[in-house]
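Trainee: Below are the sequence and a predicted model; questions follow.
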Amino acid sequence: MRVAVTGASGEFGKLLLPLLERDPNVERIVVLDVAKPAGDKVEFHRVDLTRHDAEGELTDALTEHAVDALYHLAFLFGPIRSGSMAHELEVVGTMNVLTAAGRARLPRLVVPSLTAAYGARGNNPALLREEAPLQGCPHSRFINDKVEVEGQVMAFRERHPDTRTLVLRFAPLLGSDVDNPVARLLSRAVVPTLLGYDPLWQALHAEDAARALHLALRANASGAFNIVGRGVLPLSGLIRQAGARPLPLPGPMFRAALHALDMAGAATLPVALLDYMHYSWVADGERAESALGFVPVHHVRDAAAALRRS
């Protein structure tokens, strides 16, 4: 197999590439990125997804190498200094990738998303299944860009039914080398929480996330899949498992605490994501188990404990 990857140097790319390198059935990894990763199987093509000519460069590379599958992993999870730049990469970049994938008549496309795209609402069902609407999060470009990308991917699936298209909606990813809003929040010694609220949270160990990505390479399935770890914990329990201490604060003091941390440069959970501190947002992982064969090894407490060990 010849597998193409965008965002190879990002969070998901770093998890997937070692598994592709060890996979005896993967002959070549065509990396379409701005930086070349290490790897014996890597064939590097420098492509900036935000450039006006990216679509043509992508099409040429995918066609030239007769690619069997494309992982589009070029999404930002670290601290985002420019919201407009992130939007260009994720939304405009995805538009370029999907156009190129259609022109190259790709057999398979895999795109990551987030269970956070469902949104945290007081009227959420106990388990959010894949057919639930993606309500996003008001005022959070980080979440809403992912919702917009999912809309683009859904339209692509309808136009290109011959391409097996998989969207993996990941629970918050935790691990020793993970850098995202939830990991940064839980890595603090004291974590502000909302007084009177202790919603149920899920988390996913980085090793389980890597396995889910690799399984998508051969799965005889398409559509969206919730990728979650075993079990759930109240937010306070998740914080303690990470080795931190929850500090319940009234709403105005909570917002002030997050704002002070942000002003001090201590990147943590953006105030825009306040809903996720209010309400539970628990996704059902049954479809991923039955259709992808993904069974998580790690419990949510193991994922949180990985932060403490790091």
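Mentor: Received the coordinates, thanks. Numbering: from 1, shown residues only.

Trainee: and the lowest-mean-pLDDT helix or strand in the chain, what does it pack onto?
Mentor: Taking mean pLDDT, DSSP states H and E as the measure, the helices and strands of the chain show their lowest mean at helix 83-87, namely a mean of 74. For helix 83-87, the elements it packs on are helix 141-159, judged by 3 or more CB pairs under 8 Å, 6 or more residues apart in numbering; DSSP states H and E. For the C-beta atoms, the positions are set from N, CA and C on the backbone; glycine is no exception.

Trainee: tell me the mean pLDDT over stretch 196-203?
Mentor: Taken as a whole, stretch 196-203 has an average pLDDT of 96.

Trainee: Can you list the neighbours in contact with it?
Mentor: Applying CB atoms under 8 Å, 6 or more residues apart in numbering, the contact partners of stretch 196-203 are 115, 120, 171-174, 182, 228-229, 232-236, 238, 248, 276-283, 300, 303-304.

Trainee: Quick check on these: which are buried?
Mentor: For these, burial is judged from neighbour counts taken by 16 or more other CB atoms under 10 Å, and it is met by 115, 120, 171-174, 182, 228-229, 232-236, 238, 276-277, 280-283, 300, 303-304.

Trainee: out of those, which are inside helices?
Mentor: When DSSP state H defines the helices, the subset of the buried ones among the contacts of stretch 196-203 inside them is 182, 235-236, 238, 276-277, 300, 303-304.

Trainee: Using a markdown table, lay out those residues together with pLDDT and distance to Val149.
Mentor: What follows is these, written out as a markdown table (pLDDT from 0 to 100; distance: CB to CB, whole Å):
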| residue | pLDDT | distance to Val149 |
| --- | --- | --- |
| Val182 | 89 | 19 |
| Leu235 | 96 | 27 |
| Ser236 | 97 | 32 |
| Leu238 | 96 | 27 |
| Tyr276 | 92 | 19 |
| Met277 | 91 | 24 |
| Val300 | 96 | 26 |
| Ala303 | 95 | 24 |
| Ala304 | 95 | 27 |
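
Trainee: ok, which pair from the residues you listed is furthest apart?
Mentor: In these, the most distant members under the criterion CB to CB are Met277 and Ala303, with 18.5 Å between them.

Trainee: This protein: strands as residue ranges?
Mentor: With DSSP state E applied, the chain shows strands at 2-6, 28-33, 42-46, 69-72, 108-114, 164-170, 173-174, 190-194, 200-201, 204-205, 223-227, 233-234, 245-249, listed in chain order.
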